[in-house]
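>>> Okay, predicted coordinates and the sequence, questions at the end:
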Amino acid sequence: MNEGFWSILTAEVRYDKRLKPNAKLLYSEISALTSRDGYCWAKNEYFAELYGVGTETVSRWISQLKKFGYLEVELENKPGGFERKIRLVISSKAPCHFEQTPLSKKANGLAQKGNIIIHTNNTINKKGALEFFKENNPSLYETFLMQYQSKIKDFQKFCELFNCKVDEEDLEWTGKKINARLTRFAINYIENENKAFGKQQPPVQQQTQQYSKNHF
């Protein structure tokens with residue numbers, strides 16, 4: 001199993017009593033399968049095999065998540081016909097809690113990917129830590145962008161996850177502490193992406209070793 005692939009379960013989804021329990025699991029699974037372009041391309045047959053249900057049941061779960069605003073579903077015209085793509089709708093206010101959990105053997109065999117579940121139970125400030133850092137430490141923020149932004153495919157998702165992580169750790173909002181945590185988070189995030197997609201970037205690994213040696 002190759003760990004290092006992010007999945008998300010926001011508090012809004014987790015505690016929404018209108019949703020069936022398996023619809024919530026499906027939301028998390030879709031996020032784990034979301035590709036670098038921000039979409040999940042998995043078909044209902046995949047989810048049906050994974051959960052041991054019929055494709056119509058999967059379709060009802062997806063329709064329910066879409067109805068309550070947690071998913072957007074689009075059809076893209078490709079050679080051979082239309083293909084469905086699913087995008088998660090994540091509120092910027094969605095509370096997050098992080099916990100690393102491996103995929104089941106069945107899911108691992110189907111997807112050949114690792115899975116890090118992000119459970120949720122905390123509250124994020126209306127203005128996230130990254131926005132605070134950007135406003136109060138613009139030079140450090142620009143340095144961070146120049147060094148790491150081009151290496152992160154979905155930067156918006158990265159920012160949301162980082163804000164959740166800061167909130168989960170109850171990190172003090174100072175430029176020095178946010179900069180240190182942001183750097184370490186970015187290095188780990190990029191390495192996880194590279195592992196998930198079979199890529200290697202030695203410079204990031206070297207930065208990790210140097211950063212850990214000097215700061216942790």
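Looks like it arrived, so ask away.

>>> Please report the distance of Ile90 from Gly80.
Distance, Ile90 to Gly80, using Cβ to Cβ, to the nearest Å: 31 Å. Heads up, the C-betas are built off the backbone N, CA and C, glycines and all.

>>> Packing partners of the longest helix along the chain?
When the chain is parsed with DSSP state H, its longest helix is helix 175-196. The contact analysis (3 or more Cβ pairs under 8 Å, 6 or more residues apart in numbering; DSSP states H and E) places helix 175-196 against helix 129-136, helix 138-148, helix 155-169, helix 202-215.

>>> which parts of that helix are buried?
Residues 178-179, 181-187, 189-196 are the ones in helix 175-196 that count as buried (16 or more other Cβ atoms under 10 Å).

>>> what about that helix, average pLDDT?
The predicted model gives helix 175-196 an average pLDDT of 88.

>>> between that helix and helix 155-169, how big is the angle?
Orientation check (axes from the mean of the first three to the mean of the last three Cα atoms, to 10 degrees): helix 175-196 against helix 155-169 gives 120 degrees.

>>> rewinding a little: make TSV from the helices and strands packed on helix 175-196 and add mean pLDDT to it.
Listed next are the helices and strands packed on helix 175-196 as TSV, based on pLDDT from 0 to 100:
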stretch	mean pLDDT
helix 129-136	84
helix 138-148	91
helix 155-169	85
helix 202-215	47
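
>>> how about those helices, which one is nearest Leu71?
In terms of Cβ to Cβ, the element of the helices and strands packed on helix 175-196 nearest to Leu71 is helix 155-169, at 15.0 Å.

>>> Can you give me the buried ones in the closest one?
For helix 155-169, by 16+ other Cβ under 10 Å, it's Lys157, Phe158, Cys159, Glu160, Leu161, Phe162, Asn163, Cys164, Lys165, Val166, Asp167, Glu168.

>>> give me every residue that touches Ile90.
Ile8, Thr10, Lys157, Glu160 (Cβ atoms under 8 Å, 6 or more residues apart in numbering).

>>> Could you do Lys85 as well?
Contact analysis of Lys85 by Cβ under 8 Å, 6+ apart lists Tyr39, Cys40, Trp41, Val73, Glu74, Leu75, Glu76.

>>> In PyMOL, how would I select the buried members of the residues you listed?
The PyMOL selection below is limited to those of these classed as buried (16+ other Cβ under 10 Å):
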select buried, resi 39+40
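
>>> Check the contacts of Lys85 and tell me the two furthest apart.
Spanning the widest gap among these are Cys40 and Leu75, at 13.7 Å by Cβ to Cβ.

>>> Gly128 and Asn163: what is the separation?
4 Å.

>>> May I see the buried residues of stretch 57-69?
Result for stretch 57-69 [16+ other Cβ under 10 Å]: buried residues Thr57, Val58, Trp61, Ile62, Gln64, Leu65.

>>> okay if I get those residues as a markdown table plus secondary structure?
What follows is those, written out as a markdown table (DSSP: H, G, I helix; E, B strand; the rest coil):
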| residue | secondary structure |
| --- | --- |
| Thr57 | helix |
| Val58 | helix |
| Trp61 | helix |
| Ile62 | helix |
| Gln64 | helix |
| Leu65 | helix |
